[in-house]
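Chemist: just the structure for this:
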Amino acid sequence: MQRRPSRRQLASGLAAALAGASATSACSPGGGQAPLAGGSQDKPAEKAAARVALLLPLSASAQTAAVAKAMREAAELALFELRQSEVLLSVKDDQGTEDGARKAAEEAIAGGAEVILGPLFARSVRAAQQVARKAAIPLVAFSNDPSVAGNGTYLLSFSPAGETQRVVAFAARSGRRSFAALLPDDAEGKVIEPAFRASVQSAGASVAFTDRYTIESNGLVSAASGLKDLVAEALGGSEPLDALLLPGGQDTLPQLATLIGQAGVDSARVKLLGTSGWDFPHVERNPRLAGGWFAAPDPRGWREFAERFGKTYRTMPPRIASLAHDAVLMAGALASGPKGARFTDQALRRAAGFGGADGHFRFAESGIAERALAVLECRKTGTVVIDRSDSAAAPAGASMSLLGEGTTIRP
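Modeler: Numbering: from 1, shown residues only. Sure, this is the predicted structure:
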């Protein structure tokens, strides 16, 4: 029986592989990076490899470029992990612009790409998908804007609608009967609200109210008085409010927690619910969020990925980096198929789905990823998984770490 390499061997092996790749990589005629080969060296990669392009905003603003760099490194890490796969990965800089994305997609297709991973931003996805559709090349993007999905474009991003459905269903099963939601007045809020209402109705519970706030300097302040009246009415009703959906992230959640406290929401009485935006370091330190529940991928896979990434690149990855990693794993899971049939709609939407750092997922006909999600609780000592039993995205008998036939991850 072959022994699995240690984490130290993985890190040193990847470093050597990337050093070799960078030593031979020259800029391609189109300005992109020369492809990085993964998989067996028993036969020339050009003969067997599935050509995969990765579009990222590598030369965008400093903060965006740093995220893009980490996503590229995460993709390279996955490429090394797919040692039995046949993938030729070519990274293209889309500059974070529509013109850049269009040109990068054109270069990728001219280079023989059979599938395009990325871009990151919705505006870039719209530009790249026009090129990809003309060439009948599928696009697996990282935007969370559902309006760009479909017709050959798939979104691997985290779906706030799916997360809302998960946490509301769990709260209803746990006895919560009267729900409210405080939502951002933006594209995400417009996606979440119908999912919230449908989930509450499906559970046989009731919606006390939904309210919106604008993300600006005084947007939360102006929402405070109206919210206070809504909360008072909901708490005094025949079926008092006992659950409040509060989607937000590291930048907005502390302010939102203060706002609901001022509005009279007692989190000991009203269960606070969230989406994966709550999944940031030390969220539990805010006392108003104590006991809150949120839906997100099971954190075990992310922690293992972050550890491998940190040992290899000597830094911790941004949370979104796992999307690029898992996109390459997905490509590797399909790479063994014959050229022309590897990345068809049927292959990408296979019932068995795929897996990786963020657990099991599969693509719906809409093009949006359906994920197996956990429910976590905020406690003083950190966030804790309180429910892993989510069969929404995983077929019967499927493993949360399922990668695909003939594909092995070696931690």
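Chemist: below-threshold pLDDT in the stretch 1-150 of the chain: ranges please.
Modeler: 1-48, 84-85 (pLDDT under 70).
Chemist: could you pull out the helices for the stretch 301-411 of the chain?
Modeler: In the stretch 301-411 of the chain, the helices defined using DSSP state H, counting those that start in this stretch lie at 321-334, 345-348.
Chemist: and what of the chain?
Modeler: 7-24, 45-48, 62-81, 98-110, 122-134, 160-173, 187-202, 219-235, 253-262, 299-313, 321-334, 345-348 (DSSP state H).
Chemist: most tightly surrounded among the helices of the stretch 301-411 of the chain?
Modeler: Highest mean neighbour count of these: helix 321-334, a mean of 27 (counted as mean count of other Cβ atoms under 10 Å). For glycine as for every other residue, the C-beta is placed from the backbone atoms N, C-alpha and C.
Chemist: who are the packing partners of that helix?
Modeler: With contacts defined as 3 or more Cβ pairs under 8 Å, 6 or more residues apart in numbering; DSSP states H and E, helix 321-334 has these neighbours: strand 50-56, helix 62-81, strand 87-93, strand 115-117, helix 299-313.
Chemist: and the third one, what does it pack against?
Modeler: Other helices and strands packing on strand 87-93, by 3+ Cβ pairs under 8 Å, 6+ apart, are strand 36-38, strand 50-56, helix 62-81, helix 98-110, helix 321-334.
Chemist: circling back: would you turn the helices of the stretch 301-411 of the chain into CSV with distance to Ala195?
Modeler: Listed next are the helices of the stretch 301-411 of the chain as CSV, based on distance: least, Cβ to Cβ, whole Å:
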stretch, distance to Ala195
helix 321-334, 21
helix 345-348, 23
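Chemist: distance to Gln130 and mean pLDDT added to those, as CSV?
Modeler: Below are the helices of the stretch 301-411 of the chain laid out as CSV (distance: least, Cβ to Cβ, whole Å; pLDDT from 0 to 100):
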stretch, distance to Gln130, mean pLDDT
helix 321-334, 20, 97
helix 345-348, 18, 97
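Chemist: right, and those helices - which one's nearest Gly291?
Modeler: helix 321-334 (27.2 Å; Cβ to Cβ).
Chemist: which residues sit in contact with the closest residue to Lys69 other than its chain neighbours?
Modeler: Nearest residue to Lys69, sequence neighbours excluded (Cβ to Cβ, 6 or more residues apart in numbering): Leu58, at 6.7 Å. The contact partners of Leu58, by Cβ atoms under 8 Å, 6 or more residues apart in numbering, come to Ala65, Ala68, Lys69, Arg72, Val91, Asp93, Asp94, Gln95.
Chemist: list just the nearest of these to Ser238.
Modeler: After measuring the contacts of Leu58 against Ser238 - Cβ to Cβ - the closest member comes out as Ala68, at 52.4 Å.
Chemist: winner for burial among the helices of the chain?
Modeler: Taking mean count of other Cβ under 10 Å, helix 321-334 is the most buried of the helices of the chain, at a mean of 27.
Chemist: got the angle for it vs strand 87-93?
Modeler: 140 degrees (axes from the mean of the first three to the mean of the last three Cα atoms, to 10 degrees).
Chemist: show me the contacts for Leu273.
Modeler: Contacts of Leu273 by Cβ under 8 Å, 6+ apart are Val167, Val168, Ala171, Ala243, Leu244, Leu245, Leu246, Gly292, Trp293, Phe294.
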